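J.: Quick one, what's the 3D model for this:
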Amino acid sequence: MVFLRAGLIFILLTAATLAAPLVPPAGFRQPPAAHALAETFSCPDAPPPFTGTLDFRSKYEGSDSARATLNPQAEAAFHQQTRAIAEMEKFVSAHITAWHRSGDTREVSCLVTALNRWATAGALLGEARNHTGKSMRKWALATFSSGWLQLQFSKSHPLSAWPEQTQNITRWLGEMGDLTASEWRDLPLNKVNNHSYWAAWALMATSVATGRQDLFDQSLTIYRTALQQIDAEGFLPNELRRRQRALAYHNYALQPLVMIALFARANGVDTLKENSTALPRLATQVIAGLDNPQPFTERSGAAQDIAFLQHPANLAWLEAWCQLADCDNALRTRLANLRPLQNRRLGGPVTLLIGPKA
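T.: Modelled structure (predicted):
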């Protein structure tokens with residue numbers, strides 16, 4: 001019995017040791033394009049590190065339980081309070097995109113310098129005193145990690161010249177991941193909605209960026225909670241509560257879920273059949289709603305606000321979806337007319353990373 005137990009322990013330890021390292025989908029590992037470099041290059045100043053308490057006003061402040069009516073004054077205050085964070089997200093995405101298109105390592109140097117400054121300052125590691133503060137942390141983490149891992153896994157190895165900075169930034173991302181994991185785990189089901197799904201996507205991207213299996217596992221735990229919430233018709237009850245924004249928030253909730261599914265598949269976990277094909281049910285309902293929102297009107301009890309369709313970034317998830325599932329000609333035509341699609345919190349140049357190659 002002793003030998004049997006020892007053998008079992010050895011097998012388990014060996015399996016853990018030999019477990020495949022976490023990787024992103026193939027498109028996130030591609031080298032940048034090779035172009036003639038510009039003679040001059042200017043690295044713009046990055047926003048200063050945000051090291052304060054994450055305590056921000058909600059743009060829906062004063063709204064009813066649907067949380068669907070914007071408060072213009074609170075929204076203006078929110079943008080002012082979070083400007084440095086939002087600008088840093090844009091900075092990261094812009095330089096990742098520029099590097100992909102040019103192959104210019106000066107873009108990498110500019111980005112590494114800025115992220116290293118934020119990491120050294122302990123940016124975004126402060127106390128999050130409210131829901132909006134926690135939300136800003138996980139959104140920023142989604143942007144930073146999904147961008148950073150492209151440099152880490154690129155076949156051109158652009159980070160080889162910055163080993164110390166790479167270690168510092170990766171450590172910092174892991175610390176933000178730990179805080180995000182703590183803030184979004186074990187919530188009551190009536191509180192698990194699109195915010196939790198975005199937190200799960202931030203954890204997924206960070207798990208790959210840091211090689212952290214624990215963050216990968218927690219991402220999938222939240223993701224699978226989302227799949228259990230999808231009803232037989234493909235609706236999310238907690239997003240239907242948003243009344244006139246129900247379709248918009250179903251679309252918003254789907255963005256991180258599709259990215260998690262794509263990254264999970266890259267690591268040998270295929271989730272499309274789980275909960276009786278829950279994710280395809282949700283995707284099918286949302287895609288149909290883009291042209292006919294009436295089912296969302298009937299389920300939510302309010303005519304739908306479809307202003308989100310005016311912003312192509314909100315449909316960037318379709319690139320990932322058409323890698324996971326068979327998309328019909330109508331959807332592929334819609335995608336072709338929207339390209340190139342960009343969404344900083346999904347990795348930046350989404351079409352370049354996930355869409356069909358020319």
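J.: drop to CA atoms for contacts and neighbour counts, all remaining ones
T.: Will do.
J.: What distance do you get for Thr53 to Thr180?
T.: 15 Å (Cα to Cα, to the nearest Å).
J.: Quick one: the helices in the stretch 251-358 of the chain, in order.
T.: 274-289, 294-300, 317-324, 329-338, 350-354 (DSSP state H, counting those that start in this stretch).
J.: With the stretch 1-150 of the chain instead?
T.: Secondary structure of the stretch 1-150 of the chain by DSSP H, counting those that start in this stretch: the helices cover 2-17, 72-81, 83-102, 105-121, 131-153.
J.: Could you list the residues in contact with the third one?
T.: Contacts to helix 83-102, defined as Cα atoms under 8 Å, 6 or more residues apart in numbering, come from residues 31-37, 46-50, 104-105, 107-108, 110-111, 136, 140, 143-144, 147, 344, 347-349.
J.: State the mean pLDDT of that helix.
T.: Per-residue pLDDT over helix 83-102 has a mean of 97.
J.: And that helix, what's buried?
T.: 84-86, 88-102 (16 or more other Cα atoms under 10 Å).
J.: Return the most buried member of the helices of the stretch 1-150 of the chain.
T.: helix 131-153 (a mean of 24; mean count of other Cα atoms under 10 Å).
J.: Let's see that helix as CSV, backbone CA atoms only.
T.: Output of helix 131-153 as CSV, limited to C-alpha atoms (Å, rounded to 0.1, in the frame of the first residue of the first chain):
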residue,chain,number,x,y,z
HIS,A,131,-17.7,48.4,-7.7
THR,A,132,-16.5,50.9,-10.3
GLY,A,133,-13.0,50.8,-8.8
LYS,A,134,-12.9,47.0,-9.1
SER,A,135,-14.2,47.2,-12.6
MET,A,136,-11.5,49.7,-13.8
ARG,A,137,-8.8,47.4,-12.4
LYS,A,138,-10.0,44.3,-14.3
TRP,A,139,-10.6,46.2,-17.5
ALA,A,140,-7.1,47.7,-17.4
LEU,A,141,-5.7,44.2,-16.6
ALA,A,142,-7.5,42.8,-19.6
THR,A,143,-5.9,45.4,-21.8
PHE,A,144,-2.4,45.2,-20.4
SER,A,145,-2.2,41.4,-20.2
SER,A,146,-3.7,40.7,-23.6
GLY,A,147,-1.3,43.2,-25.2
TRP,A,148,1.8,42.1,-23.2
LEU,A,149,1.4,38.4,-24.0
GLN,A,150,1.7,39.2,-27.7
LEU,A,151,5.3,40.5,-27.1
GLN,A,152,6.1,37.5,-24.8
PHE,A,153,5.0,34.9,-27.3
